[in-house]
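J.: Give me the fold of what follows.
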Amino acid sequence: MALVKMAKVLMVCHRSQAADLLEGVQQAGIVEILDAQRAIISKQSPELQTESRRPRDMEETHARLERAVGFLRPYRKEKRGLFAPLEKIERDRYAEVVSGENALDVLDEAEQVSGRMDRLANECDATQATLDTLGPWQGLDTPVEEIGRLHRVTCWTGLIPSQHVAQASAKLTELGATLQQVGTAGNRQACLIVALNERAEEVQKALRSAEYEAVSFEGMQGTVAELIAHHRHKLEQSRRELEQQKARAGQLSDDLLRLEILDDHYRNVLSRETIRGSAPATEQAVLLEGWVRAEDYAKLERIVGRFDAASVGKIEVAEGEEKPVEIENTHRSRPFEVITRLYGMPAATDVDPTPFLAPFFALFFGICLTDAAYGIVMIAVLWWVLKKIKGDAKFIKMMIVCSVTTVIAGALTGGWCGDAIQVFVPQLNGFRNAVMWFDPLESPMHFFYISLALGYLQIIFAIGLAFWHKWKRGGHREAIFDHGTWFVWLNSLMLFGLAKAGLLPPAVGTLFGYVALVPALGIVLFSEREGSWGARIGMGCYNVFSTVFYVGDVLSYIRLMALGMVTAGFGMAVNSIVKQVMDLGVLGWILGVVVFVGGHVFNIANSCLSAFVHSMRLQFVEFFTKFLQGGGREFEPLRKEYRHIQVDRSSTD
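T.: Predicted coordinates:
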């Protein structure tokens, strides 16, 4: 399919109707509106103003709503599954929530509960940390506040690794100090050290060498046993209060849907208010410049026509202005738009690559797996997922198509969970052989030639596509000398080589050997069309030499064979392990089933990832580069987006 045709439009409305007009446009979701920096009218009329204001109050409210929704969601009584659809809300219910006088009361209380829970959780952590600190000192009977009140001696409390205690005690005894072990904390000992004040510096030096870690009781009073009892009571009280707040959060989660409605509502209002604040304007009017699909222009006229102080019209595209790009395909190739969007949108002058990459990607993916049983499992799982999810399912549909090609490629190459049929169910060998074209492990060169042939086919197709697109746009000279000459040159060389290899009659090789001289001359003389003739011919000769790069591109497709054989080899290794385990009797059979399922599930996941990445890489590096410029800017219309709910399509906000 071609890229969607775009029209440049300018909407002008009185300031008093700007918000309502933007709401109508957002509801339709058909117009991309440019801010003052991108709008051409701002450059043509620099006297136009912009409010340059951000709706900070609305931004703050939206941020608060997002935090509250995230806070209450874990306390929702009805847990939603991974593929649960968005809850559908009727228009009246939506309007009631967003226009209610006390709409944000739940938000305020949720924030209060969240704040209390954070405070109580911090208190619990701090109290538990204090208890962990006090635990090793339960044997200390002296009130902790008296430890530092001695006049002639200095007292230290701290932890020393168990392996250093004896050495530290001996050293301290030499210094006239005393070390008393009070308790144990893991692999460290809680120690009380007392020394005369005049020996304090030497004692501290000895303690440092023993990896001593000081423990402070600053701010505490009473014995350690009393302190532990007090903090345990405090911890229990904090935990009870925390559970009460969690219960209150559970009650508030009954109103979570209200917050989700408000979150989506404020997100949409914020997006259009941001646009209104950044649009060029005069004292009385707001000018909204943007892009719309050409087919949607009539609908836009009807929307604007509902306002008596607004108008819309088409305007000319400025020289050098970049058009946004939107791709639209038939239902057969639409799922493969995923690959195009991963690469980036084509330029406005490009052709949409989606319908052309679709059959190649699906075929390459299937060849990389080459296992019919894996494909059947993938179809079953993906079909189940497709029935569960709501919304955009392009990726799932694309993978189902790729799974079908996996079944076909696997059946043609005899892959059924590796060699499971030969090893475990030899009775099905007749069926396997009946549908099998060749066994890659017995005839690897067949696989090799097929991979090369597919690579050559896709590259030649890309060159032909580039020729067709350039010719269609009127660039006849570029089409002939940039693509047509290469198309004839490469095909002539291929036919010449096949004849030399004995696969075609010698006369064919002779004929196309002479034919190849024509495009070669064209490449030498006209592939470079700027500069002096000497420079042109020099670059032309280099371009002819660059034919070797096309050879490298074709060889890149050998990865199809490599990945297909790796998938089969890993599956065979799993089957071999299972066969050996099953010889252990009943337990071996049970373990064999586990290994079989686990091993092949892992192989499916790993091989699917490799197949996806490498098939995509062949499109991006070998295919797209032959005809696609890329770098287009995606069409991003102002539309209403809902993350939490689904509003009845017949409703308006």
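
J.: buried stuff in the strand or helix carrying residue 22?
T.: Residue 22 is part of helix 15-28 when elements are defined by DSSP states H and E. Neighbour-count burial for helix 15-28, counted by 16 or more other C-beta atoms under 10 Å, picks out 17-18, 21-28. Every residue, glycine included, has its C-beta placed from N, CA and C.

J.: Looking at the residues you listed, spot the one nearest residue 163.
T.: Minimum separation from residue 163 among the buried residues of helix 15-28 (C-beta to C-beta) is found for residue 26, which lies at 70.3 Å.

J.: how much space between that closest one and residue 540?
T.: Going from residue 26 to residue 540 by C-beta to C-beta, to the nearest Å gives 54 Å.

J.: One more: residue 579?
T.: Taken as C-beta to C-beta, the span from residue 579 to residue 540 is 61 Å.

J.: Give me the more crowded residue out of the two.
T.: Per other C-beta atoms under 10 Å, whichever of residue 579 and residue 540 has more neighbours is residue 540, with 22 against 14.

J.: Mind checking which residue lies nearest the centre of the protein?
T.: residue 342 (10.2 Å; C-alpha atoms, centre = their mean).

J.: give the contact list for that residue.
T.: residue 616 (C-beta atoms under 8 Å, 6 or more residues apart in numbering).

J.: redo that, cut-off 10 Å
T.: 616, 619-620 (C-beta atoms under 10 Å, 6 or more residues apart in numbering).

J.: any idea which helix or strand carries it?
T.: In this assignment (DSSP H and E), residue 342 forms part of helix 337-343.

J.: Mind listing what's buried along that helix?
T.: 337-340.

J.: Okay, now the unreliable bits of the stretch 501-650 of the chain?
T.: 649-650 (pLDDT under 70).

J.: just so I have it, where are all the strands in it?
T.: Along the stretch 501-650 of the chain, counting by DSSP state E, counting those that start in this stretch, strands occupy 633-634, 645-647.

J.: next helix or strand past the worst-scoring helix or strand of the chain on mean pLDDT?
T.: Sorting the helices and strands of the chain by mean pLDDT, DSSP states H and E puts strand 49-50 at the bottom, at a mean of 72. Later in the chain than strand 49-50, the nearest helix or strand by DSSP H and E is helix 56-72.

J.: per-residue confidence averaged over that next one?
T.: For helix 56-72, the mean pLDDT works out to 91.

J.: what's residue 532 in contact with, if anything?
T.: So residue 532 contacts residue 538 (C-beta under 10 Å, 6+ apart).

J.: what are the phi and psi values for it?
T.: Torsion angles at residue 532 (phi, psi; degrees, to the nearest 10) stand at phi -70, psi 160.

J.: relative to helix 56-72, how tilted is the helix or strand residue 112 falls within?
T.: In the assignment (DSSP H and E), residue 112 maps to helix 105-134. Here helix 105-134 runs at an angle of 60 degrees relative to helix 56-72 (axes from the mean of the first three to the mean of the last three C-alpha atoms, to 10 degrees).

J.: what helices or strands is helix 105-134 leaning on?
T.: Here helix 105-134 touches helix 56-72, strand 178-185, helix 224-252, helix 256-278, going by 3 or more C-beta pairs under 10 Å, 6 or more residues apart in numbering; DSSP states H and E.

J.: Distance from that helix to the middle of the chain?
T.: Here the centre of helix 105-134 is set off from its chain's centre by 34 Å, with C-alpha atoms, centre = their mean, to the nearest Å.

J.: Next: stretch 60-79.
T.: The answer for stretch 60-79 is 23 Å, by C-alpha atoms, centre = their mean.

J.: about what we covered before: which of the strands of the stretch 501-650 of the chain is buried the deepest?
T.: Ranked by mean neighbour count, the strands of the stretch 501-650 of the chain are led by strand 645-647 with a mean of 18 (mean count of other C-beta atoms under 10 Å).

J.: And that strand, what does it pack against?
T.: Using 3+ C-beta pairs under 10 Å, 6+ apart, strand 645-647 sits against strand 87-89, helix 91-99, helix 256-278.

J.: Save those as CSV, and put in mean pLDDT, mean neighbour count and distance to residue 632 too.
T.: Putting the helices and strands packed on strand 645-647 into CSV (pLDDT from 0 to 100; neighbours: other C-beta atoms under 10 Å; distance: least, C-beta to C-beta, whole Å) gives the following:
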stretch, mean pLDDT, mean neighbour count, distance to residue 632
strand 87-89, 81, 15, 35
helix 91-99, 84, 15, 36
helix 256-278, 90, 21, 22
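
J.: so can I have CSV of those showing distance to residue 309?
T.: Listed next are the helices and strands packed on strand 645-647 as CSV, based on distance: least, C-beta to C-beta, whole Å:
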stretch, distance to residue 309
strand 87-89, 32
helix 91-99, 25
helix 256-278, 15
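
J.: Determine which of the ones you listed approaches residue 153 most closely.
T.: Residue 153 lies closest, by C-beta to C-beta, to one member of the helices and strands packed on strand 645-647: helix 256-278, at 62.6 Å.

J.: angle of that closest one against helix 91-99?
T.: Going by the same axes, to 10 degrees, helix 256-278 makes 70 degrees with helix 91-99.

J.: which helices and strands sit right next to the helix or strand that helix 256-278 is followed by?
T.: Moving toward the C-terminus from helix 256-278, the next helix or strand (DSSP H and E) is strand 280-281. Strand 280-281 sits against helix 40-44, strand 49-50, strand 285-293, with contacts defined as 3+ C-beta pairs under 10 Å, 6+ apart.

J.: who touches the second one?
T.: With contacts defined as C-beta under 10 Å, 6+ apart, strand 49-50 is touched by 35-37, 39, 42, 277-283, 286.

J.: sorry, back to before: C-terminal to the helix holding residue 112, what's the next element?
T.: Following helix 105-134 toward the C-terminus (DSSP H and E): strand 153-161.

J.: Show the end-to-end separation of stretch 616-630, please.
T.: Chord length of stretch 616-630, first to last residue, is 16 Å (C-alpha to C-alpha, to the nearest Å).

J.: quick one: buried residues of it?
T.: Neighbour-count burial for stretch 616-630 [16+ other C-beta under 10 Å]: 616, 618-620, 622-624, 626-628.

J.: correct me, but residue 24 touches residue 303?
T.: Yes. At 4.8 Å, residue 24 and residue 303 qualify as touching, with contact defined as C-beta atoms under 10 Å.

J.: what do those two both touch?
T.: Shared contacts of residue 24 and residue 303, defined by C-beta under 10 Å, 6+ apart, are found at residue 310.

J.: Residue 102 - that's part of a helix, no?
T.: No. Membership of residue 102 in a helix is not supported by DSSP: H, G, I helix; E, B strand; the rest coil, which gives coil.

J.: Please tell me how far it sits from residue 352.
T.: Note on residue 102: its distance to residue 352, by C-beta to C-beta, is 50 Å.

J.: From the neighbour counts alone, determine which of these two ranks first.
T.: Higher neighbour count among residue 102 and residue 352: residue 352, with 22 against 7, using other C-beta under 10 Å.

J.: For the closest residue to that one other than its chain neighbours, which residues are in contact?
T.: In space, residue 352 comes closest to residue 327 once its chain neighbours are excluded; the distance is 4.8 Å by C-beta to C-beta, 6 or more residues apart in numbering. Applying C-beta under 10 Å, 6+ apart, we find residue 327 in contact with 1-4, 333-334, 337, 340-341, 345-346, 350, 352-355, 632, 634-635.

J.: Where is the longest helix in the chain?
T.: helix 586-617 (DSSP state H).
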